[in-house]
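1. 3D, please:
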Amino acid sequence: MIAVFLVCLLSWSRSSAVETELPPPQDLTMVAINTNYTLRWNYKQSAALPNQVTFTTEFISKYKLAFKKKPPVWKTACKESPEHSCELTSFDLHYFAIYTLRVRASVNGNHSAWAFKDFCPEEDSKSCGIGPPSSVKLALAGYSLEVSIVDPLTSTNSSMKDFVTDLSYNIRYWERHEDEEALIIKTISTNSNVVALSDLKPLTWYCVRVQSYTKYYNRSSSFTSPLCMKNDGETFIQLLLSLLLRTPSSSHNFVLQRRTYSYFRTMVVSMPLKIGNTGHLKSTPIIYCQAFPGVFFYYVYAVFSQNLKTSHYLGHGFCRAAGVH
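-> Have a look, this model is predicted:
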C-alpha cells in the first residue's frame with residue numbers, strides 16, 4: 001500500500017514539474033503578404049523536457065473579448081502541431097478587422113500559459129507587406145515597349161486594389177549591356193496597369209522590372225524578375241513587302257500608298273487614283289513630305305494594273321533639312 005502511494009506521489013511530482021517548467025511560446029510574429037497570413041514564434045525548450053512539444057493556436061475578433069455577459073468563443077487554427085508556425089490564410093481574416101491571437105505549448109496533456117498577440121492586417125505595417133505584381137508582360141507597340149501589369153492578388157484571387165486604393169508601381173527599365181557598371185537604369189512611377197516606354201533606341205534590347213508600392217501605408221514589394229525584349233520597330237524591308245503584297249479593292253480605283261520611314265516613326269499616307277485601261281496613271285500625283293532636319297525618309301510606290309499584273313515604281317529619297325513640299 002505504501003509502495004503504491006509512493007508511485008502515485010512520484011508520478012504527480014513529475015507531472016507538476018513538467019507543468020511548471022513548460023514555458024509559453026515567445027516572440028509571436030505575423031508574417032503577411034497581401035492577405036496571406038502566417039503566425040510564427042520562438043520556443044526555448046529545456047533539456048529536461050521531452051522532445052514531443054506541440055502547439056495550439058487560436059484567434060478571435062478583438063471586439064468580442066469586450067463582451068462580459070458570455071465567455072468568448074475562440075476559433076482553433078492549429079491544434080497540437082509540432083511546427084513553430086500556424087497558417088491562418090484559409091480563415092479569411094478581414095483586412096480591416098483587429099484580431100487577438102494566442103498560442104500555447106503542450107506536453108503529454110500539460111499546457112503552458114497562453115502567449116497573446118493583437119493583429120490588424122491594415123494597420124500592422126511592420127509585419128504586413130504588399131506583394132509584387134502577379135504578372136508582368138512586354139509587347140512591342142510601334143517603337144515603344146508596352147508594359148502590362150496585373151495587380152497583386154489576394155488569397156481569393158481578387159485585386160489588392162480592393163483594399164489598397166492607392167496601389168501604384170515603380171517601373172525600372174534599362175538597355176541590356178554586358179558591362180553592368182555601364183547600365184543606366186530609369187524609373188517611372190504610375191498607377192496604371194498598361195504603360196508605354198517610348199524613349200527607347202531602335203533595334204536594342206531592353207529589360208524591365210516592376211515593384212508594387214503604396215504611399216498611404218508606406219509599404220513596397222520586391223521587384224519582379226527582369227523581363228527583356230528587343231525593340232525591333234518596323235524595318236524598311238517590311239514596309240516594302242507590305243506594300244507590294246497589298247491587293248487592290250476595285251478594277252479601276254486603286255490606292256497609291258506612301259510610307260515614310262525613319263528611326264523614330266512610321267507614317268502612312270493613302271490617296272485613291274484613277275488608272276486608265278492601259279495600267280498607267282492619267283495624272284502624276286503630288287508626293288510630299290516633311291521632315292526633321294537630318295532625318296532620312298524612304299518612300300515606296302506600288303501601282304497595280306487592271307488585270308492585276310503589277311508594274312512597280314520603287315524610289316527612295318530623303319527630305320532635306322529645310323523640308324520638301
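
2. can you map out the strands along the stretch 101-250 of the chain?
-> 110-111, 115-119, 128-129, 135-141, 144-150, 168-175, 186-190, 194-197, 204-214, 219-223, 227-231 (DSSP state E, counting those that start in this stretch).

3. closest to Lys69 out of those?
-> Of all the strands of the stretch 101-250 of the chain, it is strand 115-119 that lies closest to Lys69, at 22.2 Å by C-beta to C-beta. C-beta here means a position set from N, CA and C on the backbone, and glycine is covered the same way.

4. follow-up on the earlier one: now render the strands of the stretch 101-250 of the chain as a markdown table, adding distance to Ser159, mean pLDDT and mean neighbour count.
-> Below are the strands of the stretch 101-250 of the chain laid out as a markdown table (distance: least, C-beta to C-beta, whole Å; pLDDT from 0 to 100; neighbours: other C-beta atoms under 10 Å):
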| stretch | distance to Ser159 | mean pLDDT | mean neighbour count |
| --- | --- | --- | --- |
| strand 110-111 | 42 | 92 | 14 |
| strand 115-119 | 23 | 96 | 17 |
| strand 128-129 | 16 | 88 | 20 |
| strand 135-141 | 12 | 95 | 15 |
| strand 144-150 | 9 | 96 | 18 |
| strand 168-175 | 13 | 97 | 19 |
| strand 186-190 | 16 | 97 | 12 |
| strand 194-197 | 15 | 96 | 16 |
| strand 204-214 | 11 | 96 | 19 |
| strand 219-223 | 14 | 96 | 16 |
| strand 227-231 | 21 | 93 | 16 |
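
5. mind putting those in a markdown table, distance to Thr35 included?
-> What follows is those, written out as a markdown table (distance: least, C-beta to C-beta, whole Å):
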| stretch | distance to Thr35 |
| --- | --- |
| strand 110-111 | 31 |
| strand 115-119 | 13 |
| strand 128-129 | 9 |
| strand 135-141 | 18 |
| strand 144-150 | 16 |
| strand 168-175 | 19 |
| strand 186-190 | 24 |
| strand 194-197 | 25 |
| strand 204-214 | 14 |
| strand 219-223 | 13 |
| strand 227-231 | 26 |
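
6. Pro24: which of these is closest?
-> strand 115-119 (4.5 Å).

7. helices or strands up against that closest one?
-> strand 26-33, strand 36-42, strand 99-107 (3 or more C-beta pairs under 8 Å, 6 or more residues apart in numbering; DSSP states H and E).

8. same thing but 10 Å
-> strand 26-33, strand 36-42, strand 54-61, strand 99-107 (3 or more C-beta pairs under 10 Å, 6 or more residues apart in numbering; DSSP states H and E).

9. what's the angle from it to strand 54-61?
-> Angle, strand 115-119 to strand 54-61, by axes from the mean of the first three to the mean of the last three C-alpha atoms, to 10 degrees: 40 degrees.

10. what's in contact with strand 115-119?
-> Strand 115-119 is contacted from outside by 23-30, 32, 37, 39, 41, 43, 55, 57, 59, 62, 88, 93, 97-105, 124, 127-128, using C-beta atoms under 10 Å, 6 or more residues apart in numbering.

11. was I right about Glu58 contacting Leu101?
-> Yes - counting by C-beta atoms under 10 Å, Leu101 is a contact partner of Glu58 at 7.4 Å.

12. Can you say which of the helices and strands packed on strand 115-119 is nearest to Leu167?
-> Nearest to Leu167, of those and by C-beta to C-beta, is strand 26-33 at 13.9 Å.

13. Name the residues of the closest one that are buried.
-> 28, 30, 32-33 (16 or more other C-beta atoms under 10 Å).

14. Roughly how far does the closest residue to Met229 other than its chain neighbours sit from Tyr213?
-> Nearest residue to Met229, sequence neighbours excluded (C-beta to C-beta, 6 or more residues apart in numbering): Leu138, at 4.5 Å. Distance from Leu138 to Tyr213, counting by C-beta to C-beta, to the nearest Å: 21 Å.

15. same deal with Leu183?
-> For Leu183, the distance to Tyr213 - C-beta to C-beta - is 22 Å.

16. Pass me the low-pLDDT residue ranges in the stretch 51-200 of the chain, would you?
-> Within the stretch 51-200 of the chain, the stretches with pLDDT under 70 are 51, 125-126.

17. give me that answer again for 80
-> Within the stretch 51-200 of the chain, the stretches with pLDDT under 80 are 51, 68, 125-127, 178-182.

18. circling back: just the buried residues of the contacts of strand 115-119.
-> The neighbour count (16+ other C-beta under 10 Å) marks 23-25, 28, 30, 32, 37, 39, 41, 43, 55, 57, 59, 62, 88, 93, 98-105, 127-128 as buried among the contacts of strand 115-119.

19. Pretty sure Pro202 sits against Leu140.
-> No - if you go by C-beta under 10 Å, Pro202 and Leu140 don't touch, sitting 11.1 Å apart.

20. before we move on, back to that, Thr156 is nearest to which of the helices and strands packed on strand 115-119?
-> strand 36-42 (10.7 Å).
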